[in-house]
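Enquirer: Sequence and computational prediction follow.
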Amino acid sequence: MSGSELGPAGEFHLLVAALRADRADVESYTRVLSETLGDALPPGMVEIDRRRSFADRVAGRLGQPVEVRVSTPHQLLVLTAGRSGGVTGEIRQVVRGVVISRRDTDVEEWVTVLAEELQALASRDAKAREALARFLGS
């Protein structure tokens with residue numbers, strides 16, 4: 001069964017499952033959002049903060065991702081690497097470019113909100129829809 005046969009609800013659940021699969025760190029989400037889905041997302045939608053050690057600088061490496069921010073029209077989704085491991089999420093409500101509220105969340109809810117935003121983007125943009133279909137293997 002292809003993604004087009006699943007309908008919007010089925011596609012949403014597939015997207016959430018694909019985003020959740022084996023992603024326990026910020027680096028995994030960085031790869032998915034910047035590499036796998038990068039061509040589907042508008043420029044500037046995903047920002048990544050990295051911590052670069054001296055060894056990273058000398059070797060010309062980008063460094064370890066420590067935070068991923070996904071900007072949507074009404075929200076800023078932030079995923080941060082914890083100092084002792086793990087990942088924390090935050091959802092910020094944005095009105096006219098100003099953050100009016102912040103709410104800590106677990107990764108499960110963060111992924112669900114991200115999937116909703118990606119699905120909304122795909123409904124408006126053919127390029128995003130094609131990239132999400134490739135991501136889901138449909």
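Expert: Great, that's in hand. Numbers count the residues shown, from 1 in each chain.
Enquirer: next one: stretch 60-67 to chain centre, how far?
Expert: Here stretch 60-67 is found 17 Å from its chain centre; the criterion is C-alpha atoms, centre = their mean, to the nearest Å.
Enquirer: all strands for this protein, in order.
Expert: 46-51, 64-71, 75-81, 87-95, 98-105 (DSSP state E).
Enquirer: Please pick out the residue of the chain most distant from its centre.
Expert: Most distant residue from the mean C-alpha position of the chain: residue 58, 29.2 Å away (C-alpha atoms, centre = their mean).
Enquirer: ok so, going back, could I get the strands of the chain in CSV, plus columns for mean neighbour count?
Expert: C-beta coordinates here come from the backbone N, C-alpha and C atoms, glycine included. As requested, the strands of the chain are exported to CSV (neighbours: other C-beta atoms under 10 Å):
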stretch, mean neighbour count
strand 46-51, 15
strand 64-71, 19
strand 75-81, 19
strand 87-95, 16
strand 98-105, 11
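Enquirer: In a markdown table, list the ones you listed along with mean pLDDT and distance to residue 123.
Expert: Listed next are those as a markdown table, based on pLDDT from 0 to 100; distance: least, C-beta to C-beta, whole Å:
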| stretch | mean pLDDT | distance to residue 123 |
| --- | --- | --- |
| strand 46-51 | 88 | 19 |
| strand 64-71 | 87 | 17 |
| strand 75-81 | 91 | 17 |
| strand 87-95 | 93 | 20 |
| strand 98-105 | 96 | 24 |
